[in-house]
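Asks: The sequence isn't on hand, but the structure is:
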């Protein structure tokens, strides 16, 4: 069946709103002897991915929407406390993040409303830059593990990317239906 490029500018604000809804503003946790808190998570830039739409079936009307090479940049504040037998250490700072090569593939059935059949996203590239007081230079040495965790959180059928796309399709209403209806295979 035919395939066409899709201009996402008409739903950029909706997509950004869905991403921001899915990202917690405050993330607290504990890992071993480390207690941490990320606060004021903020998206600074959303570069829309290149996007294609392909009709897979006519009855019921089923489309496959693929996107590639999107980018998100943002920032957050961080705080941590490390406890050991030598005592307690506390530090705080700022981290900026960038995710590139964001993409997804979603199959949806169109009718009175959009029903998402499946969604998949490969892990994007992730860059984290930490700034802090005393020890931020040493944190850069252990950031590789954090990057892998961040990539896993974003990718896959239950990752943040697919959750945001599914939410956009379910909540986007008329704007998203207009995007699909303007496609005349």
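Replies: Structure received. Since the structure is predicted, the reported quantities are computational estimates derived from the model, not experimental observations.
Asks: Could you check how sure the model is about stretch 14-33, as an average pLDDT?
Replies: Averaging pLDDT along stretch 14-33 yields 80.
Asks: For the residue sitting nearest the centre point of the chain, give its distance to residue 72.
Replies: Centroid-nearest residue in the chain: residue 161, 4.0 Å away (criterion: C-alpha atoms, centre = their mean). Counting by C-beta to C-beta, to the nearest Å, the gap from residue 161 to residue 72 is 9 Å. In this view, the C-beta of every residue, glycine as well, is placed from N, C-alpha and C.
Asks: who touches both of the two?
Replies: residue 102 (C-beta atoms under 8 Å, 6 or more residues apart in numbering).
Asks: Name the nearest residue to the residue nearest to the centre of the chain, ignoring sequence neighbours.
Replies: residue 121 (4.1 Å; C-beta to C-beta, 6 or more residues apart in numbering).
Asks: my read: that neighbour touches residue 164, true?
Replies: No - counting by C-beta atoms under 8 Å, residue 121 stays clear of residue 164, with 9.6 Å between them.
Asks: helix, strand or coil for residue 150?
Replies: helix (DSSP: H, G, I helix; E, B strand; the rest coil).
Asks: residues near the nearest residue to it once chain neighbours are set aside, how many?
Replies: Leaving aside its sequence neighbours, residue 150 sits nearest to residue 126 (C-beta to C-beta, 6+ apart; 5.0 Å). As a burial measure, residue 126 scores 19 neighbours (other C-beta atoms under 10 Å).
Asks: Assumed residue 14 was part of a strand.
Replies: No - Residue 14 is assigned helix when assessed by three-state DSSP, not a strand.
Asks: contacting residues for it?
Replies: Per C-beta under 8 Å, 6+ apart, neighbours of residue 14: 168, 171, 172, 175, 176.
Asks: Can you list the low-confidence ranges for this protein?
Replies: 1-2, 132-146, 172-174, 179-185 (pLDDT under 70).
Asks: just the strands in it please.
Replies: For the chain, the strands defined by DSSP state E cover 3-5, 26-31, 34-47, 50-57, 62-84, 87-110, 114-120, 125-132.
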